[in-house]
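*Asks:* can't give you the sequence, but here's the structure:
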């Protein structure tokens, strides 16, 4: 037996802003909203498919210290450079975590500063 990742939960100050950003980045849709401001986004087929959903949970204060988990993304229909331009246009910004400049990936931050990486390899869309 084994487990599978079904959801990723990200605490944030403004779930709606991050839902809009990550839906654009991942071609996800909003799957649901809770009364407490929590927003669930995911692939159009919804929960339980080949990709996990993302729960954006409202937090008034960010977690203390650096997050120990980050998301890596890959372009599916364009070059890494073209995808980088697209992500920056959506509101991502470069993040400096001590890179040398020789890495094959780009470190970025979402609108709330959560770091994620754009990897070089292009993946087939699901």
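*Replies:* Thanks, I have it. The structure presented is a predicted model; accordingly, all values stated were derived computationally and were not measured.
*Asks:* show me the strands in this structure, by range?
*Replies:* Assigned by DSSP state E, the chain shows strands spanning 7-12, 29-33, 39-42, 53-58, 71-74, 93-94, 106-109, 115-119.
*Asks:* tell me the most buried of those strands?
*Replies:* strand 39-42 (a mean of 23; mean count of other CB atoms under 10 Å). From N, CA and C alone the C-beta is placed, and that goes for glycine too.
*Asks:* show me what that one is packed up against.
*Replies:* Applying 3 or more CB pairs under 8 Å, 6 or more residues apart in numbering; DSSP states H and E, we find strand 39-42 packed against helix 15-26, strand 29-33, strand 53-58.
*Asks:* angle of the first one against strand 53-58?
*Replies:* The one in question is helix 15-26. 150 degrees (axes from the mean of the first three to the mean of the last three CA atoms, to 10 degrees).
*Asks:* now do helix 15-26, average pLDDT.
*Replies:* Averaging pLDDT along helix 15-26 gives 97.
*Asks:* buried sites along it?
*Replies:* Using 16 or more other CB atoms under 10 Å as the test for burial, helix 15-26 gives 15, 17-23, 25-26.
*Asks:* show me where this protein dips below the pLDDT cut-off.
*Replies:* Where the chain drops to pLDDT under 70, the residues are 1, 62-65, 126.
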